[in-house]
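Peer 1: model this:
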Amino acid sequence: MSIAPWSFSKAKAFEQCPKQFYHEKILQEYPFVETEAIRYGNAFHTAAEEYIRDGTPLPKMFDYAQAMLDSLSAKKGAKLCEEKLGVTENLLPCSFYDKEVWYRGIADLLIINEEDGLAWVIDYKTGKSAKYADKGQLELMALLVFAHYPKITHVRAGLLFVVSNDLVKDSYADSDAGMLWTKWTNIYSIMQMAEKRNVWNARPSGLCKRHCPVTVCVHNGSN
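Peer 2: Numbering: from 1, shown residues only. Below is the predicted model of the structure:
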């Protein structure tokens, strides 16, 4: 049983409901289900990567996103698609699959401009609304960039909602790193305590009735 290596998605799943997190992420009792929305998102990610990296024309169904992708492609710097980064528990850079990896994340698009000390981190979102966007993953990706690219002093980051043409953005300086790591290591510590005690309390919400697969939970709608 282990919560490391952890990720933003793991942290959010734990915050939503530790019990569901335990059954899905630790015990892995429930297989991954690829929905139509996930298939669409995967297709867009592939098309965007091939368009920016190789200049492959976008499929007709994604024409609406071309202007946004062109603006990103025009930015100064090396374009890295689906860039996998990790850090050890001592916050030292390592590969995504390193045996010592503690936290890891994937940037849909990472633009590195070492000459100007600037990086862009973009995560594509195919949801229809940016209303409930969570910028936490941008914070963590910025931290990974600072760890791996010491010449980068500023990161501009964005959640690009391609359907609604919204960009939820934020910016980070390397001087923010200590404060941000403190925030996220505190969150990890709560997860770690649950693991050590093997106590995974349910956190009931409106999602329990129809959307939770953990039928052994008393709050599940099937009960």
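Peer 1: the helices in the protein, which residues?
Peer 2: 8-16, 18-21, 36-54, 66-73, 136-148, 177-197, 208-211 (DSSP state H).
Peer 1: List the buried residues for the fourth one?
Peer 2: The one in question is helix 66-73. The neighbour-count check on helix 66-73 (16 or more other CB atoms under 10 Å) flags 68-69, 72-73 as buried. For glycine as for every other residue, the C-beta is placed from the backbone atoms N, C-alpha and C.
Peer 1: other SSEs contacting that helix?
Peer 2: Judged by 3 or more CB pairs under 8 Å, 6 or more residues apart in numbering; DSSP states H and E, helix 66-73 is in contact with helix 36-54.
Peer 1: okay if I get the buried residues of helix 66-73 as a markdown table plus distance to T215 and pLDDT?
Peer 2: Formatted as a markdown table, those follow (distance: CB to CB, whole Å; pLDDT from 0 to 100):
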| residue | distance to T215 | pLDDT |
| --- | --- | --- |
| M68 | 42 | 90 |
| L69 | 42 | 93 |
| L72 | 43 | 94 |
| S73 | 47 | 95 |
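Peer 1: in this structure, what spans have low per-residue confidence?
Peer 2: Applying pLDDT under 70 to the chain flags the ranges 1, 223.
Peer 1: Just want the most central residue of it.
Peer 2: Centroid check for the chain by CA atoms, centre = their mean gives Q137 as the closest residue, at 4.8 Å.
Peer 1: For L140, see how far away the closest residue in space to V121 that isn't next to it in sequence is.
Peer 2: Distances taken as CB to CB, 6 or more residues apart in numbering place A157 nearest to V121, at 4.2 Å, with adjacent residues excluded. Distance from A157 to L140, counting by CB to CB, to the nearest Å: 10 Å.
Peer 1: got it, and K25?
Peer 2: For K25 relative to L140 (CB to CB), the value is 17 Å.
Peer 1: What number of residues are in the vicinity of T153?
Peer 2: 15 (other CB atoms under 10 Å).
Peer 1: Next: the one 3 residues further on.
Peer 2: Per other CB under 10 Å, the neighbour tally for R156 reads 17.
Peer 1: Run through the bridge partners of it.
Peer 2: Taking DSSP bridges, one obtains W120, S171 as the residues bridged to R156.
Peer 1: got a list of what it touches?
Peer 2: Shown in contact with R156 (CB atoms under 8 Å, 6 or more residues apart in numbering): 118-121, 169, 171.
Peer 1: any idea how far it is from C212?
Peer 2: 37 Å.
Peer 1: Ok, A78 next?
Peer 2: 42 Å.
Peer 1: of these two, who's got more company?
Peer 2: Counted by other CB under 10 Å, A78 and C212 do not tie: C212 has more neighbours, with 23 against 10.
Peer 1: excluding its backbone neighbours, what's nearest the more buried one?
Peer 2: N220 (5.5 Å).
Peer 1: do V216 as well
Peer 2: Using CB to CB, 6+ apart and skipping residues adjacent in sequence, the residue nearest V216 is H23, 7.7 Å away.
Peer 1: do the same with L118
Peer 2: H154 (5.3 Å).
Peer 1: Who are the contact partners of the one you found?
Peer 2: So H154 contacts 117-119, 171-174 (CB under 8 Å, 6+ apart).
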